[in-house]
Each structure stands twice: as structure tokens, then as C-alpha cells.
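J.: Predicted model and sequence follow; I will ask about them next.
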Amino acid sequence: MKRIFVILAVCTVLGSCAENVEKLAGRHLDNAKEAFSMGNYNIAKQEIDSIKILYPKAFETRRQGIKLMQKIEETEQLRAIQYEDSMITVSQAAFDRIKADYAFEKDEQYQDIGLYTIKSQAPQRNTDRTYIRAQVDELGHMTLISSYRGSSYIHHDWLKLSVGDLYVDTPESKDRHEFTDLGVYYEWLSFINGNDGGAAAFISANKDANITYTLYRKTGPDSSRPVYRNLKLNKDDRYAIAKLYDLSVVLLSLNEHKAARDEADRHLKFIRSKMEASAEE
């Protein structure tokens, strides 16, 4: 009989402790609910995390906390989707306003992504000169191309562009295409996907200034020599590159917001699948 009383006493104590743990944990859950209702999602999530850390045996409160966490994450993704949709609308409108200023080229058979250019910079229109041209793909990635024409190859690797005491150096590029035509030597040195050391941004910022540039060839790991000095970047080329730089900024923004929107939508579907699974349990 005495043993039965002991067991009952122990059960009572344990039950009381469990109730106390749930009560203490419930305070954090109430704080989380209040923070969530006020839109303070980070604070709400911190309160829910505190339940798991401080009261690991408050099973019922932790279960409710998990449901609230899922609701918070769902709300965050819905807000993210709403924001990205608004930014896509703004970026798309900006693109629609300027897209008529560019030539668009895409071979549906061989190209997955088309290119925007300025007609005046087309290589077939400029076979008689050395110049810098640019192009932007549909995703907004800009490529700057140093087009050289001469009586022999110079194998240039990088450029220095200057306006007075201001200058910018491109990185070294190995993306060089060389060919000859009727005894004339051509080189196209490309700085792909915006990897131009800030040269396009420099040209855009100084489109109304006299920009000169020099072509360099690497002669060793840490040395180079100029192989074509003090070329002038004419006004038409400066303005063409600046316009393409503006296009790049708009398209990069548009596609970044589309990607963020898609990611938020995927996350939302994943969260809702967990919510459905929890409801079934």
C-alpha cells in the first residue's frame, strides 16, 4: 500500500512539473504570437526558438510553436512575392520604355539567349577601324569588346581607359578571336558578363568627356607593355556603350527580381506542403 502511495505521489509531482514547463514555455509562445501580429517576424521566430532551447520537454507548446513558425514563414514568402511582383512591374516598364533603341539578334536554332546591340557598332559596319563595342544579352549580362584592325596581330590582353588623371584598367582576358581578311589582321578581345573591371561603367559615367585608351599585351606574370597607344573613343561609341550599360542595369534588375520571385514561390509551396502534412497528423 505504501508503495502505491509513493508512485501516486511521484506521478503527481511529475504531472505538476510538466504543467509548469508547458506554462513557462507558453509565455514565449504568447510573446511570439504577439510579435507575429505586429509584423515583428524575427522576434516571433526568436521566441519560438527559445521554447525549443529552454523547454525541450514542453511538447505541446513546441508543437504549437512549429505551426506558428510555418505560418510566419508562409506570411514572409507571400510578402516577398508581393514585393517582387511590384518590382518586376517597375523594371519591365523601364525596359519597355527603352527597348526600341536597340537592335535585337537571336538565332532560334542555335541561341538560347538573344543579344541587344547598337546598329552603328555592328562589326560589318566598322571593318576599317579599331574601336570598342558592346552587347547585352537578354539576362542583362554585358560584354565589352575591344576590336582591333591592323597590318599584323598585336595579341592584346587588356585595356587602360583614361579621362585626364582618371583611369580604369580592365582585367586580363583570354577570350580573344583573331582572323585575317584580304591581308588585314583583326582581333576581338572580349570581357564577358560584366567582367571588365568597371570599364563599361567608366565609359557610361564619362560619356561626355574625351576618353582615350591603350591596348596592352602581357609579357610576364606581373608585367605588360602597350601595343597600341592613346586611341580615342569617339562620341558615338561612348554613347552607344553608355546606352547598353543602362540596358544592362535594367535587365539585370528585372531578371534578379524574377529569380527572387520564383525562389519565394518555391519556398511557399514547400512550406504549405509541410503545413498540409502537419494538419493530416
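T.: Yes, it's here.

J.: Spatially nearest residue to Ala240, not counting backbone neighbours?
T.: Ile118 (4.0 Å; C-beta to C-beta, 6 or more residues apart in numbering). Every C-beta, even on glycine, is put in place using the N, C-alpha and C of the backbone.

J.: Let me know how buried the one you found is, in neighbour terms.
T.: Summarising burial for Ile118: neighbours were counted as other C-beta atoms under 10 Å, giving 21.

J.: Surely it touches Ala103?
T.: Yes: with contacts defined as C-beta atoms under 8 Å, Ile118 counts as touching Ala103 at a distance of 6.9 Å.

J.: for Leu231, which residues make a bridge with it?
T.: Beta-bridge pairing of Leu231 under DSSP bridges involves Tyr213.

J.: Arg149: neighbour count?
T.: Arg149 is surrounded by 15 other residues when neighbours are defined as other C-beta under 10 Å.

J.: meant to ask about Tyr185, not that
T.: A count of nearby residues for Tyr185, using other C-beta under 10 Å, gives 15.

J.: Contact partners for it?
T.: With C-beta atoms under 8 Å, 6 or more residues apart in numbering as the criterion, the residues that contact Tyr185 are Tyr148, Arg149, Gly150, Ser151, Ser152, Tyr153, Glu178.

J.: Can you tell me which of the residues you listed end up in strands?
T.: Restricting the contacts of Tyr185 to those inside strands, with DSSP state E as the criterion, leaves Tyr148, Arg149, Gly150, Glu178.

J.: and the gap between the residue lying closest to the second one once chain neighbours are set aside and Ser223?
T.: Leaving aside its sequence neighbours, Arg149 sits nearest to Thr130 (C-beta to C-beta, 6+ apart; 5.2 Å). Thr130 sits 23 Å away from Ser223, taking C-beta to C-beta, to the nearest Å as the criterion.

J.: Tell me which of those two has more neighbours.
T.: Per other C-beta under 10 Å, whichever of Thr130 and Ser223 has more neighbours is Thr130, with 17 against 8.

J.: Might one say that that one is in contact with Ser151?
T.: No: counting by C-beta under 8 Å, Thr130 sits too far from Ser151 to count as a contact (11.8 Å).

J.: The longest helix seen in the chain - what's its average pLDDT?
T.: Criterion DSSP state H: the longest helix present in the chain is helix 235-280. Model confidence over helix 235-280 averages 96 on the pLDDT scale.

J.: contacting residues around stretch 243-261?
T.: Outside of stretch 243-261, the residues that reach it under the criterion C-beta under 8 Å, 6+ apart are 80-81, 84-85, 87-88, 91-92, 94-95, 98-99, 101-102, 116-118, 134-136, 138-142, 194, 200-201, 203-204.

J.: in this protein, which spans are strands?
T.: Under the criterion DSSP E, the chain contains strands at 103-105, 115-117, 131-137, 142-150, 158-163, 166-169, 176-181, 184-191, 211-220, 223-233.

J.: could those be laid out in CSV, adding distance to Asp265?
T.: Formatted as CSV, the entries for the strands of the chain read as follows, by distance: least, C-beta to C-beta, whole Å:
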stretch, distance to Asp265
strand 103-105, 28
strand 115-117, 28
strand 131-137, 24
strand 142-150, 28
strand 158-163, 42
strand 166-169, 39
strand 176-181, 40
strand 184-191, 34
strand 211-220, 44
strand 223-233, 44
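
J.: hey, which of these is tucked in deepest?
T.: Looking across the strands of the chain with neighbours counted as mean count of other C-beta atoms under 10 Å, the highest average goes to strand 131-137: a mean of 23.

J.: Which secondary structure elements does that one sit against?
T.: strand 115-117, strand 142-150, helix 235-280 (3 or more C-beta pairs under 8 Å, 6 or more residues apart in numbering; DSSP states H and E).

J.: can you give me the mean pLDDT across the shortest one?
T.: Here strand 115-117 scores 98 as its mean pLDDT.

J.: now stretch 34-52
T.: 95.

J.: Kindly report the same for stretch 194-214.
T.: Model confidence over stretch 194-214 averages 97 on the pLDDT scale.

J.: Same question for it: list its buried residues.
T.: Taking 16 or more other C-beta atoms under 10 Å as the neighbour-count basis, stretch 194-214 is seen to contain the buried residues 194-197, 199-204, 206-207, 211-214.

J.: Straight-line length of that stretch, end to end?
T.: With C-alpha to C-alpha, to the nearest Å as the measure, the ends of stretch 194-214 fall 20 Å from one another.

J.: That's all I had, so thanks and see you.
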